[in-house]
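*Asks:* okay, here's the prediction I keep looking at, along with the sequence it came from:
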Amino acid sequence: MRRVEKKMYWPINAVLFNLCKLFPFRDKRIWIFGAWEGEKYDDNSRYLYEYVNSCYNDQIHTIWLSEKKDIVENVRQTGGEAYLSNSRLGKWFSLRAGVVIYSHGLMDFGTIPFVGGAKVVSLWHGVGFKKIYNDNYHGWKLKTKKLFDKFFSWTYRDLTIVTSIYVKSQFSSIFGLNSSDAIAFCGQPRNDIFKKSLIKKNDFVGLNIDCKKKWVIYMPTYRGKGLGDNAMSCIVKRLYESKRLYEVLRDENCIFIVKLHPLTPHINLERRDNFLILDYGDVESNQELLGISDILITDYSSCCVDFALLNRPIIFYQPDEEEFMSKSEPLYEELIDVLHTNRCSTPEELAEKIANPSLEVVQRLNDVFEDESIRDTCYSENVYKAICKEFEI
């Protein structure tokens, strides 16, 4: 639905976004935040919003915009200022803001964002293994897209936040950036939560998971329709039925937690003492869940990049690699080698890797995705300083 809305509202925004640049009363100390196309209060935008609100509320006027009333109410209940993006005040502050900060694109501020003329900061929502945007276009299609982007692009930005030289190169290609575009090495604000010992397994009491066990979190990426409607269900069922995996989980005092991608349908399997399936909405924050997990299992998902910062074991479970590679979005070739580190393809192989955890992949991921200049720093503070420096605030 969002993709349809983007196409439908593009002509209006191509005109309105540029007209808004003529509005003369923007204030660099009014910052608007949004995430997930207005559908969630989460991700890098949320953590930066809370940081600025906590540390610089006497200098910066922070506002959260959302499409959902419950999100607006929840932010207000925690002491923040928030408005519906299509409300009168939402539009007014969109016109007044000097800085706007998104995780997914300008649609974070509504289907018709009144932010033209503000300085736009792209935090983005992670670093990717799959090719997206410009990297999926070639020839005349790419030229046409770049031409349209000159009038209006949902991923327009004045400042791009990255985590490493590799990510800078990747984002430059994906979003058509050039050498004159502002790019800052800061890290992802959402990962600051890993550096605080404020999250405990007890905080997830609502999930009714034994806190004395080791939490082995399995976070697979989405399987598109080309792989079959029940592709993910078949993979999870094989794990659920594996005798060897059950034995290792029992012997190692582990619980296997399947955390499904938001687009993956519910998988109906009876809960066991060492095997649990969570739908996307069952947990408010993926970062908090990652932060208290002991081992991560994934396949082609970039969640491993975040988890590597914790210096805990990562396993790549890829039982359908050949079919996935042939039918899903192409991956960046330079990262495929990393994805083959500490890799397995059967439940039995996975069981052995859980029994013998390895940190082999952690250093490789951090070398690629974490610049030395930002290691052991506060990412939110880095972003705040980068914004103030770039826009002379």
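*Replies:* All right, it came through fine.

*Asks:* closest to the centroid, which residue in the protein?
*Replies:* Centroid check for the chain by CA atoms, centre = their mean gives His125 as the closest residue, at 3.2 Å.

*Asks:* any idea how far the closest residue in space to it that isn't next to it in sequence is from Arg46?
*Replies:* Nearest non-adjacent residue to His125, counting by CB to CB, 6 or more residues apart in numbering: Ser103, 4.7 Å away. Where C-beta positions appear, they are placed from N, C-alpha and C, glycine not excepted. Note on Ser103: its distance to Arg46, by CB to CB, to the nearest Å, is 8 Å.

*Asks:* how about Ile174?
*Replies:* Applying CB to CB, the value for Ile174 to Arg46 is 23 Å.

*Asks:* which parts of stretch 84-103 are buried?
*Replies:* Neighbour counts over stretch 84-103 (16 or more other CB atoms under 10 Å) mark 84-86, 90-91, 93-103 as buried.

*Asks:* now Asp108, nearest residue through space, not along the chain?
*Replies:* Once flanking residues are discounted, Asp108 sits nearest to Gly34: 3.0 Å by CB to CB, 6+ apart.

*Asks:* who's in contact with that neighbour?
*Replies:* By CB atoms under 8 Å, 6 or more residues apart in numbering, Gly34 lies in contact with Ser45, Trp64, Leu65, Ser66, Ser85, Val100, Ile101, Tyr102, Ser103, Asp108, Phe109.

*Asks:* at 6 Å instead, please
*Replies:* Gly34 is in contact with Leu65, Tyr102, Asp108, Phe109, counting by CB atoms under 6 Å, 6 or more residues apart in numbering.

*Asks:* could you dump those residues to JSON lines with pLDDT, secondary structure and distance to Arg272?
*Replies:* What follows is these, written out as JSON lines (pLDDT from 0 to 100; DSSP: H, G, I helix; E, B strand; the rest coil; distance: CB to CB, whole Å):
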{"residue": "Leu65", "pLDDT": "98", "secondary structure": "strand", "distance to Arg272": "42"}
{"residue": "Tyr102", "pLDDT": "98", "secondary structure": "strand", "distance to Arg272": "40"}
{"residue": "Asp108", "pLDDT": "97", "secondary structure": "helix", "distance to Arg272": "39"}
{"residue": "Phe109", "pLDDT": "97", "secondary structure": "helix", "distance to Arg272": "44"}
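
*Asks:* phi first, then psi, for Ser293.
*Replies:* Backbone geometry at Ser293, expressed as degrees, to the nearest 10, gives phi -90, psi 150.

*Asks:* how many neighbours does it have?
*Replies:* Neighbour count for Ser293, taken as other CB atoms under 10 Å: 21.

*Asks:* beta-bridge partners for the residue nearest to it when sequence neighbours are not counted, please?
*Replies:* Of all residues not flanking Ser293 in the chain, Ile217 sits nearest, at 4.0 Å (CB to CB, 6+ apart). Ile217 has these beta-bridge partners by DSSP bridges: Ile257, Leu296.

*Asks:* and Ile217, what is it in contact with?
*Replies:* Ile257, Lys259, Ser293, Leu296.

*Asks:* name the member of those with the most neighbours.
*Replies:* Ranked by the number of neighbours (other CB under 10 Å), those place Leu296 first, at 26 neighbours.

*Asks:* just the buried residues of stretch 84-103: which are in strands?
*Replies:* Cross-referencing those against strands under DSSP state E gives Leu84, Ala97, Gly98, Val99, Val100, Ile101, Tyr102.

*Asks:* and the gap between the spatially closest residue to the last one that is not a sequence neighbour and Trp124?
*Replies:* Take Tyr102 and drop its neighbours on the chain: the residue closest to it by CB to CB, 6+ apart is Asp108, 4.1 Å away. For Asp108, the distance to Trp124 (CB to CB) stands at 11 Å.
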